[in-house]
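In: can't give you the sequence, but here's the structure:
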């Protein structure tokens, strides 16, 4: 806060001297003293107006603060601190033209003023965005026919898809702590993969044009608590074409297996899948369908040796209640088939998910930028397992399709491939360091059913960037 007095002079002293010089017929000296009295009065009152504005600012009464800061600068144009606060108040209420004008004035008086330097660059950017928005609104209003319904025009504008960042990327890893029923204790568990001994994933998305985007996902995926080390590494490459509110894409998914639990000896296998992506984006919701089915291609009875066959099919839905609250839904099927065609049998593992959650987003009041996102999720993991099946090519043989088995359908065990279920509760906190970088942490607790052998606590740590 500005000090109450910057000088020991009192305007009443100068006023008294002016009267005395007037009585002595020394009129020039009298006028000089009266001018000094007025100058000192203005300086004193400028301090008072500044202090009053500062109090209003602390109460978030920005309009009242602006009025007092304006009066302070009018009464004492050399009082820089009042210009500093006035410019910042303009910036806070979105009057970016006025904020830039006052900020530039302060820097002319004090080029190294750190208070103004802290917000002026963002004010420049927001002023440019504001002017562009005003120009677009002006052009749109000019194109509306007098006979056209204005509300209809606004609805058309509202249906435009949201803008994607040019580049977006994340990297995260998972620490696993299972709790086994047999020994009644928890322990740390690694997850062998390519390069590191923990589940980890890198995701990159690049949108060089409005109509085209590319994304890459690579790493050792985290597949829940009840599945063994099915994949050593997995990569997905996708190209997506946007047309208005819809998009269509094609991708390739590559999966790597390098372990011994399926065949009793260390075996290296690969699987390549071609996939399709289809989606739609509206102003308040989005849909996405992902298809990497076994049929593209399929390891059938004409294959030989040992092979790996993986599919992934998912539906993702996201609904935006407003800019603060979002609902999301995930339904997915992820099947893993390990064939020994020479021996005539196959091992199968599956993970089917039904999940939903809510995300709360908080924005900085000064910059209106997202700085905190909290997400809570619940997911039902359905685990499937069917080992050493000697009818590997029969349809509905207990492998895939929720473990459906046609032979045992009327024998009381129609879903012979069902292994167990896990109820997954998670809490994720995403913190934005600035507009381009963020960190996130996620606590995952999976409560498995009593027919399995353990629960699991997992901690996911990661970071990302958006440009």
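Out: Cool, the structure landed. On a predicted model such as this, the values are computed, not experimentally measured, just so you know.
In: Okay, now the unreliable bits of the protein?
Out: For the chain, the stretches with pLDDT under 70 are 1-12, 14-22, 25-42, 46, 140-162, 184-186.
In: per-domain residue ranges of it.
Out: 11-131, 167-466 (automatic domain parsing).
In: now the ones you listed in TSV, with mean neighbour count and distance to residue 139?
Out: To be clear about C-beta, it is placed using only N, CA and C from the backbone, and glycine gets the same treatment. Shown next, in TSV, are the domains of the chain (neighbours: other CB atoms under 10 Å; distance: least, CB to CB, whole Å):
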stretch	mean neighbour count	distance to residue 139
domain 11-131	17	13
domain 167-466	16	19
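In: Let's have the ones you listed in JSON lines, adding distance to residue 138.
Out: Formatted as JSON lines, the domains of the chain follow (distance: least, CB to CB, whole Å):
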{"stretch": "domain 11-131", "distance to residue 138": "10"}
{"stretch": "domain 167-466", "distance to residue 138": "22"}
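In: List the contacts of residue 401.
Out: For residue 401, no contacting residues are found, by CB atoms under 8 Å, 6 or more residues apart in numbering.
In: again, but for residue 349
Out: By CB under 8 Å, 6+ apart, the contact list for residue 349 reads 227-228, 230, 335-336, 383-385.
In: On the three-state scheme, it is what?
Out: With DSSP: H, G, I helix; E, B strand; the rest coil as the basis, residue 349 sits in strand.
In: thinking again about what came up before, what's the closest of the domains of the chain to residue 137?
Out: Residue 137 lies closest to domain 11-131 among these, at 10.6 Å (CB to CB).
In: Can you give the distance from the closest one to the centre of its chain?
Out: Chain-centre distance of domain 11-131: 41 Å, with CA atoms, centre = their mean, to the nearest Å.
In: before we move on, what about stretch 217-236?
Out: Computed by CA atoms, centre = their mean, the chain-centroid distance of stretch 217-236 equals 23 Å.
In: Next: stretch 174-191.
Out: Chain-centre distance of stretch 174-191: 31 Å, with CA atoms, centre = their mean.
In: What of stretch 355-364?
Out: Offset of stretch 355-364 from its chain centre (CA atoms, centre = their mean): 9 Å.
In: which residues make contact with that stretch from outside it?
Out: Stretch 355-364 is contacted from outside by 323-331, 369-380, 424, 426, using CB under 8 Å, 6+ apart.
In: Counting by contacts, list what the helix or strand hosting residue 91 packs against.
Out: The secondary structure element spanning residue 91 is helix 80-92 (assigned by DSSP states H and E). With contacts defined as 3 or more CB pairs under 8 Å, 6 or more residues apart in numbering; DSSP states H and E, the packing partners of helix 80-92 are helix 27-58, helix 62-75, helix 96-109, helix 114-117, helix 120-143.
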